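*Asks:* Quick one, structure for this:
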Amino acid sequence: MLACLAAFAGHAAVIYKWTDSDGVVHYSDQPVPGAEKIYTAGSSPPGVAGSASRSTVDTPEPGAKKPAAPRMTYAQFSITSPQADQTFYGEETIGVHLALEPGLRPDQTITWHLNGKQLDDQAPNSTQLTLPHLDRGAYVIAATITDQETGESLTTDSVSFYVRQPSELSPQHKKP
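*Replies:* The predicted structure is shown next:
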């Protein structure tokens, strides 16, 4: 019984978004003709790969204005390096890679966030970056794609990683 409830709970996080004739954007938990169905983080529509939030468009009723095709749908959208909970020992730099398929549209940009702070010194459309020497500690990295035309944005799941530095008290972690 609990397994059945858990299965339904994963698909319950759906909201609907639409714009009325005055240009006002509305959100609801009830379907509205022509509304965009949005699956929130933690749930995915059946048959969609990946764990990032996705959006799909419901079929409008006859005579209704046809909504635009979703622009923020990706077959792959995740950080592949560093791996979750990876530990780096005394690394001078750490490479970061975003798997993105299909690629960015001309009016979309990528921004990177390290521990919640935007990395301003990175190229706005770069799917790869190099983090310079990081102090010892725990870090969280995420990437956000923003569509400049629609204002929509989509963020990857955060990836936590750790940096350890060698010390005289712990020589086994020194680089050879």
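*Asks:* where in the protein is pLDDT low?
*Replies:* Counting by pLDDT under 70, the chain shows low-confidence ranges at 1-13, 39-71, 122-124, 168, 170-176.
*Asks:* P106: neighbouring residues, count only.
*Replies:* 7 (other C-beta atoms under 10 Å). Quick note: C-beta positions are derived from backbone N, CA and C, even for glycine.
*Asks:* would you list every one of the strands in this structure?
*Replies:* Ranges of strands within the chain are 14-19, 25-28, 36-39, 54-57, 76-81, 86-89, 94-101, 108-114, 117-118, 128-131, 137-147, 153-155, 159-164, based on DSSP state E.
*Asks:* The shortest one: partners in the sheet, and parallel or antiparallel?
*Replies:* Strand 117-118 has its sheet partners listed here by DSSP bridges as strand 108-114 (antiparallel).
*Asks:* The first one too?
*Replies:* Neighbouring strands of strand 14-19 in its sheet, by DSSP bridges, are strand 25-28 (antiparallel), strand 36-39 (antiparallel).
*Asks:* care to break this structure down by domain?
*Replies:* 2-57, 76-164 (automatic domain parsing).
*Asks:* Which stretch among these is buried most, on average?
*Replies:* Across those, averaging neighbours per residue (mean count of other C-beta atoms under 10 Å) puts domain 76-164 on top, at a mean of 15.
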